[in-house]
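Novice: sequence and predicted model, in that order:
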Amino acid sequence: MEPLSPAFTIDLRRLTVLRELQRRGSLTRTAEALHLTPSAVSQQLAVLARDLGVPLTERDGRGVRLTGQARVLLAHADVIAAQLERARADLAAYGEGGRGSVTVGCFSSGILGLLPTALRALRERLPRLRVDVVEAEPPDLFTALDGGQVDVAVAVDFAAAPPHTDPRYSRTDLLTDILDVALPPDHPLAGRARVPLRELALDPWIVGSGSSCCGSVTRSVCAAAGFTPEIRHAVNDWAALAGLVEAGQGVALVPRLVRSLYAHRALALRPAEGEPPSRNVFVAVRAGAESDPVLAAVREALSRSATDVVAARA
């Protein structure tokens with residue numbers, strides 16, 4: 001490598017590739033997330049390393065790992081990205097605000113139970129603002145947030161979500177979403193006021209995919225109750241899940257955010273006995289973008305919607 005030049009520059013697009021490699025851990029997964037080929041990812045990293053004059057990756061068996069220099073650079077990358085977002089926010093605040101477009105990425109039950117109220121409030125407050133919604137979950141949701149395809153991310157805390165301390169994002173907790181037990185109407189436990197999860201260990205379960213937030217949370221909740229569920233049906237659609245429970249095909253955990261979908265279904269929804277299983281819902285934007293007036297309005301609308309949801313439960 002050539003020594004560092006006092007006038008060296010950093011290509012921010014290549015820096016994004018390095019940040020994604022840190023998140024994904026492999027060239028193949030990084031390439032998939034960025035819709036590139038692994039060879040293109042390797043080339044981008046090689047050019048960045050050559051521009052900087054330091055090695056950024058080293059071989060690790062059949063894969064690669066980040067060097068110490070890469071980790072030093074990534075610590076600065078978070079600051080650089082946040083400062084660029086602050087510049088974007090300052091420019092937005094300089095103008096009138098309230099126009100243009102915003103893309104919100106959100107998980108499916110959040111779209112059903114949280115977004116409608118927030119979107120109505122935004123339409124009244126900022127009628128010239130276009131809001132697009134895409135269904136997405138971590139880690140893809142935060143890859144899209146990093147890349148600018150999504151401006152606001154609404155997500156659930158689980159293994160694939162970024163930690164609270166991640167400096168790349170400014171986040172606000174919205175609500176704690178409780179999961180209830182969904183049982184067929186003739187299930188032996190359907191008459192209970194509260195259902196001990198351990199007593200469902202021998203039942204067939206209807207669970208979302210392991211990569212989804214609800215599928216991941218359900219597996220974790222069952223493990224905490226002392227059993228591994230027999231997953232008879234893998235279903236991510238909430239209406240389909242309700243139909244299978246109603247038909248006596250198994251039991252499930254259902255978030256209260258989608259409870260309205262079950263109002264006319266012939267099934268039993270019961271709280272779990274003891275500490276109720278739950279998941280934390282939060283909203284995040286890129287660090288530095290929190291002062292953008294439009295994004296601030298979106299976050300405020302989401303916070304008010306979450307408050308309304310909690311009040312309705314009470």
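Specialist: Yep, it's here.
Novice: which strand or helix spans Asp78?
Specialist: Taking DSSP states H and E as the definition, Asp78 sits inside helix 68-94.
Novice: same question, Arg171
Specialist: strand 169-183.
Novice: and if you look at Ala242?
Specialist: Short version, using DSSP H and E: Ala242 is in helix 238-246.
Novice: now what about whichever helix or strand comes after the helix holding Asp78, what contacts it?
Specialist: Later in the chain than helix 68-94, the nearest helix or strand by DSSP H and E is strand 100-106. Residues outside strand 100-106 that contact it (CB atoms under 8 Å, 6 or more residues apart in numbering) are 114-115, 129-136, 141, 144-145, 149-155, 294-295, 298. (Glycine included, C-beta is placed from N, CA and C.)
Novice: try stretch 65-74
Specialist: Against stretch 65-74 from outside (CB under 8 Å, 6+ apart): Leu15, Leu18, Arg19, Leu21, Gln22, Leu52, Val54, Pro55, Leu56, Thr57, Glu58.
Novice: 10 Å instead?
Specialist: Outside stretch 65-74, the residues that touch it by CB atoms under 10 Å, 6 or more residues apart in numbering are 1, 4, 10, 15, 18-19, 21-22, 25-26, 45, 48-49, 52-60, 77, 80, 168.
Novice: would you mind listing which of these are buried?
Specialist: For the contacts of stretch 65-74, a neighbour count by 16 or more other CB atoms under 10 Å gives the buried set as 15, 18-19, 21, 26, 45, 48-49, 52, 54, 56-57, 77, 168.
Novice: in CSV: these, plus distance to Pro277, pLDDT and secondary structure.
Specialist: Output for these, formatted as CSV (distance: CB to CB, whole Å; pLDDT from 0 to 100; DSSP: H, G, I helix; E, B strand; the rest coil):
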residue, distance to Pro277, pLDDT, secondary structure
Leu15, 39, 86, helix
Leu18, 37, 90, helix
Arg19, 33, 87, helix
Leu21, 34, 90, helix
Ser26, 32, 89, coil
Leu45, 41, 91, helix
Leu48, 44, 89, helix
Ala49, 46, 89, helix
Leu52, 47, 85, helix
Val54, 47, 87, coil
Leu56, 42, 90, coil
Thr57, 40, 90, strand
Ala77, 37, 83, helix
Arg168, 29, 92, coil
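Novice: nearest to Ser212, of those residues?
Specialist: Ser26 (21.5 Å; CB to CB).
Novice: what's the closest one in contact with, if anything?
Specialist: Ser26 neighbours (CB under 10 Å, 6+ apart): Glu32, Pro38, Val41, Asp60, Arg62, Gly63, Val64, Arg65.
Novice: tell me the phi and psi of the second one?
Specialist: Pro38 adopts backbone torsions of phi -60, psi -40, taken as degrees, to the nearest 10.
Novice: that one is in contact with Leu27, isn't it?
Specialist: Yes: in this structure Pro38 lies within contact range of Leu27 using CB atoms under 10 Å: 4.6 Å.
Novice: more neighbours: which of these two?
Specialist: For Pro38 versus Leu27, neighbours defined as other CB atoms under 10 Å are more numerous around Leu27 (21 against 14).
Novice: circling back: and the contacts of Ser26, which is closest to Ala160?
Specialist: Glu32 (14.3 Å).
Novice: what helix or strand does that closest one sit in?
Specialist: Counting by DSSP H and E, Glu32 is found in helix 27-34.
Novice: what about that helix, distance to the chain center?
Specialist: Computed by CA atoms, centre = their mean, to the nearest Å, the chain-centroid distance of helix 27-34 equals 18 Å.
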